[in-house]
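In: Okay, here's the prediction I keep looking at, along with the sequence it came from:
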Amino acid sequence: MSSSPDGTVDESSALEPSGHDPADRTAEPRCYRCDRPLEDERWIRLDARPGSGVADAYERVSRACCPDCVAGIGLLEIAVDPSSSGAD
């Protein structure tokens, strides 16, 4: 369970198996885009919350993804190591 900045609470577990079929919930967690297994420490949760103008057409979703897929859709940037200042 986690809390977001707007105060809403996500009660789902950190890693949930992908798929919409309840039978998939017993399988190992997988990236919803590429279907590769998600490693315990290498995954990212994407949350989509529709704005008020489209809330009647779209539902809120939350999916676990591998970093490669998140980067592939343009939602991940490479973090710069703060210890490497570039000056020697």
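Out: Arrived safely. Predicted model, so just to flag it, every value in this text is computed and none were measured.
In: What are the boundaries of the strands in this protein?
Out: For the chain, the strands defined by DSSP state E occupy 2-3, 9-10, 44-48, 61-65.
In: Comparing those strands, which stretch has the densest surroundings?
Out: strand 61-65 (a mean of 17; mean count of other CB atoms under 10 Å). Glycine gets a C-beta too; all of them are placed from N, C-alpha and C.
In: Between strand 44-48 and it, find me the angle.
Out: 160 degrees (axes from the mean of the first three to the mean of the last three CA atoms, to 10 degrees).
In: on that earlier part again, turn the strands of the chain into CSV, including mean pLDDT.
Out: Supplementary listing: the strands of the chain in CSV, determined by pLDDT from 0 to 100:
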stretch, mean pLDDT
strand 2-3, 42
strand 9-10, 48
strand 44-48, 93
strand 61-65, 95
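In: contacting residues for Cys66?
Out: By CB atoms under 8 Å, 6 or more residues apart in numbering, the residues touching Cys66 are 31, 33-34, 36, 38, 42-44.
In: Can you dump the C-alpha atoms of stretch 67-78 in CSV for me?
Out: Taking C-alpha atoms only, stretch 67-78 is exported to CSV below (Å, rounded to 0.1, in the frame of the first residue of the first chain):
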residue,chain,number,x,y,z
PRO,A,67,12.3,-0.1,-16.8
ASP,A,68,12.9,-0.8,-20.5
CYS,A,69,9.2,-0.4,-21.4
VAL,A,70,8.8,2.7,-19.3
ALA,A,71,11.8,4.2,-21.1
GLY,A,72,10.4,3.1,-24.4
ILE,A,73,7.2,5.1,-23.9
GLY,A,74,9.2,8.1,-22.9
LEU,A,75,8.4,8.2,-19.2
LEU,A,76,11.9,7.4,-17.8
GLU,A,77,15.0,9.5,-17.9
ILE,A,78,18.5,8.5,-17.0
